[in-house]
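K.L.:
After the sequence you'll find the predicted model.
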Amino acid sequence: MELCSFLTLDSFITDPLTHDFMRKALLMSSLVAAVCGFLSSYLTLKGWALMGDAVSHSVMPGVVVAYALGLPFSLGAFIFGVGSVALIGFIKQKSRVKEDTVIGLVFTGFFALGIVLVSKIKSNIDLHSILFGSPLGISLSDVKQTIFISLLVVILLSIFRKDLMLYCFDPRHAKTVGINVFFLHYLLLTCLSLAAVVGLQSVGIILVVAMLITPGATAYLLTDKFDNMTVISVLSAIISSLIGIYVSFWFDLETGGSIVLAQTFIFLFAFLFAPRYGIFKLKKLFAGFK
Amino acid sequence: METINYQNFRIEAENICVDYNGKVALYDANLRLKPGQICGLVGMNGAGKTTFFNALTGFVNISKGKIRINGESVRSAQKDQTIAYVPQNEGIDSQFPISVWDVVMMGRYGSMNIFRSPRESDVQAVKDAIERVDLTDHLYTPIGNLSGGQRKRTFLARAIAQRASILLLDEPFSGVDIRTEKLISELFIQFKNEGKTILLSTHDMIHVREFCDLVLLINKTVVAYGETSEVFTPENITTTFGGISPDFLFGPES
């Protein structure tokens, strides 16, 4: 992995592909990024960033318990993810504490429970890979689970694409014309929990929220059409994953961190140079030259 | 076309109560409206106007009382696309990446298949509705690029495309330009002639006198209800607004 070995762009890209674990990492991370990017449009428009953070942290004890019991980790994660949201709703309704406070205290509580469980259960759980992701060391059974969950989320989001858009935009109208808003609410939450589960393999529990909000935020700055927003969000998520993995390979950096950092840079680029909504409104600038 | 029986009630709300986690927002409220009637809903901020709308659309559950829409439950009214809700401009995210066409198409969602794929008839309904609110030049304009009045017309078009027989409008005249105000008032007359029932909330007393056959004054419950000419008196208005004199509300000349 000497620096001189990627003198050409060609070898920079193809050399890592000779390794089996790299091919797998690139494929799986792209898939996970696509799923999270798809969902990201909805979460950013709905204003669920904090909810995404809460759910992704709350899945921690679920993952640990599932591993300890030999169950699919996605099952445990899903139960705790949805459970945390139910608990947030319950405490908010039954107390005078404000919502953001409730969200903060519930997810940190769940997260702490997860950490305590890891230290007590003493199985072969690798705390580091849960917290920071391990796309380079993903196991075969994890690959199968990830593919299954990813397909499930993509299918659900595709079927209810328009209803979810309406739910994010104007839930009152949805209800008025007889669309089941309750169902859509929990559908979005379910997809959020599932996406958090697959996302945490790439970048880990701590950073998975970035996978769920940054691509959507980037896309939001670049377009005024919902469908385009989804496409841009998915593409920017996939590109970030590829960049992150390559960079981490060549420079020996933490992979999850590199992926998220790549997303952040793409966001910053959009923030500065987006044609209409960037700081330097390029559209106006070019119009001025004509 | 459905035949309209002008004697049957479109909306019947009997002694309805709504509370949010034990906090009463509306109690013992009654309302009866027939086809072709326009009713103004007048009250202070927090008097329960939006709550009343929410109860009629089924967006919140009532804790007591009974609501009948065309003699049926709110649930079947939703399924039949009977009620359309036109939100106030502040109630929607104007930065949402969505065009006029897409918003108006949402008026058809309730009668489409699960994928919400538009049929020829849906496309036609959307086209016609957009034409009626005079936004044909802005079919694919993102709603963020519209003026307040154009945005209001977009949501009116959604209600038209829905072909609802009951229209609930939250502050239809707030923050709109003269042209939109004129267009909305013309539409109201057309709606009335088509036998639609309209319930609109407003802060503007002049609009009540101008359009509303009936007026419902509320302050957590019904203060007064009836023909505008009889009920819309300075005394009733003062009571509704918690003792503030109507001089202040109307300005000194009225």
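P.N.:
Perfect, thanks for sending it.
K.L.:
In terms of helix, strand or coil, where does residue B:244 fall?
P.N.:
coil (DSSP: H, G, I helix; E, B strand; the rest coil).
K.L.:
tell me the pLDDT at whichever residue of chain B sits closest to chain A?
P.N.:
Ranked by C-beta to the nearest C-beta, the top residue of chain B for proximity to chain A is residue B:110, at 3.1 Å. Quick note: C-beta positions are derived from backbone N, CA and C, even for glycine. Per-residue pLDDT puts residue B:110 at 95.
K.L.:
The one 10 residues further on now?
P.N.:
Note for residue B:120: predicted pLDDT of 96.
K.L.:
So residue A:93 sits against residue B:23, correct?
P.N.:
No: the criterion here is C-beta atoms under 8 Å, and residue A:93 misses it with residue B:23 at 11.9 Å.
K.L.:
biggest helix in chain A by residues?
P.N.:
Determined from DSSP state H, the single longest helix within chain A is helix A:181-222.
K.L.:
how about low-confidence regions in chain A?
P.N.:
Low-confidence segments of chain A (pLDDT under 70): A:1-7, A:122-124, A:285, A:288-290.
K.L.:
Would you mind listing what in it touches chain B?
P.N.:
Residues of chain A found near chain B (C-beta under 8 Å from any C-beta of the partner chain) are A:45, A:93, A:159, A:162-163, A:165-166, A:168-179, A:220, A:223-226, A:228-229.
K.L.:
Using PyMOL, define a selection of the buried residues within those residues.
P.N.:
Buried residues within these, by 16 or more other C-beta atoms under 10 Å in any protein chain shown, are selected in PyMOL with:
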select buried, chain A and resi 45+162+163+165+166+168+169+170+171+172+173+174+175+176+177+178+179+220+223+224+226+229
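K.L.:
related to what we said a few turns ago, gap between the residue of chain B closest to chain A and residue A:163?
P.N.:
Look at residue B:110 and residue A:163: by C-beta to C-beta, to the nearest Å, they are 11 Å apart.
K.L.:
Quick check: neighbours shared by the two?
P.N.:
The contact sets of residue B:110 and residue A:163 overlap at residue A:179 (C-beta atoms under 8 Å, 6 or more residues apart in numbering or on different chains).
K.L.:
picking up where we left off before, just the residues of chain A next to chain B: which are in helices?
P.N.:
Going by DSSP H, the helices hold A:45, A:93, A:159, A:162-163, A:165-166, A:168-169, A:171-176, A:220, A:226, A:228-229 from the residues of chain A next to chain B.
K.L.:
Taking the stretch 51-200 of chain A, what residue is nearest to chain B?
P.N.:
residue A:177 (3.1 Å).
K.L.:
For the nearest residue to that residue once chain neighbours are set aside, give me its contacts.
P.N.:
Here the nearest residue to residue A:177 in space, its sequence neighbours aside, is residue B:110; by C-beta to C-beta, 6 or more residues apart in numbering or on different chains that works out to 3.1 Å. Residues near residue B:110 by C-beta under 8 Å, 6+ apart: A:177, A:178, A:179, B:78, B:79, B:81, B:162.
K.L.:
The same query, at a cut-off of 10 Å, please.
P.N.:
Shown in contact with residue B:110 (C-beta atoms under 10 Å, 6 or more residues apart in numbering or on different chains): A:173-174, A:176-179, B:78-81, B:84, B:116, B:162, B:164.
K.L.:
tally of neighbours for residue 74?
P.N.:
Going with chain A. 23 (other C-beta atoms under 10 Å in any protein chain shown).
K.L.:
please go with chain B instead
P.N.:
For residue B:74, using other C-beta under 10 Å, the count is 22.
K.L.:
State whether residue B:223 is indeed within a strand.
P.N.:
Yes: assigned with three-state DSSP, residue B:223 falls within a strand.
K.L.:
excluding its backbone neighbours, what's nearest it?
P.N.:
Going by C-beta to C-beta, 6+ apart, residue B:223 has residue B:217 as its nearest residue, at 4.2 Å.
K.L.:
quick one: that neighbour is in a helix?
P.N.:
No: read with three-state DSSP, residue B:217 is strand and lies in no helix.
K.L.:
I figured it hits residue B:224, correct?
P.N.:
Yes: Residue B:217 lies in contact with residue B:224 (C-beta atoms under 10 Å); the separation is 4.6 Å.
K.L.:
overlap in contacts of the two?
P.N.:
B:42, B:231, B:232, B:233, B:236, B:237, B:239, B:240.
K.L.:
measure the first one to residue B:52 for me?
P.N.:
Here the distance between residue B:42 and residue B:52 works out to 11 Å (C-beta to C-beta).
K.L.:
neighbour-wise, which of these two wins?
P.N.:
Set side by side, residue B:42 and residue B:52 show more neighbours around residue B:42, with 29 against 26, by other C-beta under 10 Å.
K.L.:
Could you count how many residues lie near the residue lying closest to that one once chain neighbours are set aside?
P.N.:
Closest residue to residue B:42 apart from its sequence neighbours, by C-beta to C-beta, 6+ apart: residue B:217 at 5.2 Å. Residue B:217 sits with 23 neighbouring residues when counted by other C-beta under 10 Å.
K.L.:
Residue B:205 too?
P.N.:
18.
K.L.:
related to what we said a few turns ago, residues touching the residue nearest to residue B:42, list them.
P.N.:
So residue B:217 contacts B:40-43, B:47, B:208, B:223-226, B:231-233, B:236-237, B:239-241 (C-beta under 10 Å, 6+ apart).
K.L.:
switch to 7 Å and redo it
P.N.:
By C-beta atoms under 7 Å, 6 or more residues apart in numbering or on different chains, the residues touching residue B:217 are B:42, B:43, B:223, B:224, B:231, B:236, B:240.
K.L.:
Show the buried residues in those.
P.N.:
So, by 16+ other C-beta under 10 Å, the buried ones in the contacts of residue B:217 are B:42, B:43, B:223, B:224, B:231, B:236, B:240.
K.L.:
so of those, which ones are in helices?
P.N.:
Assigned to helices by DSSP H, the following of the buried ones among the contacts of residue B:217 qualify: B:231, B:236, B:240.
K.L.:
my guess is the first one meets residue B:224, correct?
P.N.:
Yes: with contact defined as C-beta atoms under 7 Å, residue B:231 and residue B:224 form a contacting pair (4.7 Å).
K.L.:
by contact count, what packs against the host helix or strand of residue B:185?
P.N.:
Under the criterion DSSP states H and E, the helix or strand holding residue B:185 is helix B:178-193. In terms of contacts (3 or more C-beta pairs under 7 Å, 6 or more residues apart in numbering or on different chains; DSSP states H and E), helix B:178-193 is packed against helix B:148-162.
K.L.:
contact partners of the helix it packs on?
P.N.:
A:177, B:81, B:84, B:86-87, B:89, B:94, B:100, B:103-104, B:106-108, B:125-126, B:129-130, B:132-135, B:138, B:143, B:146, B:167, B:172, B:175-177, B:179-180, B:183-184, B:187.
K.L.:
chain center to it: distance?
P.N.:
Relative to the chain's own centre, helix B:148-162 is displaced by 12 Å; criterion: C-alpha atoms, centre = their mean, to the nearest Å.
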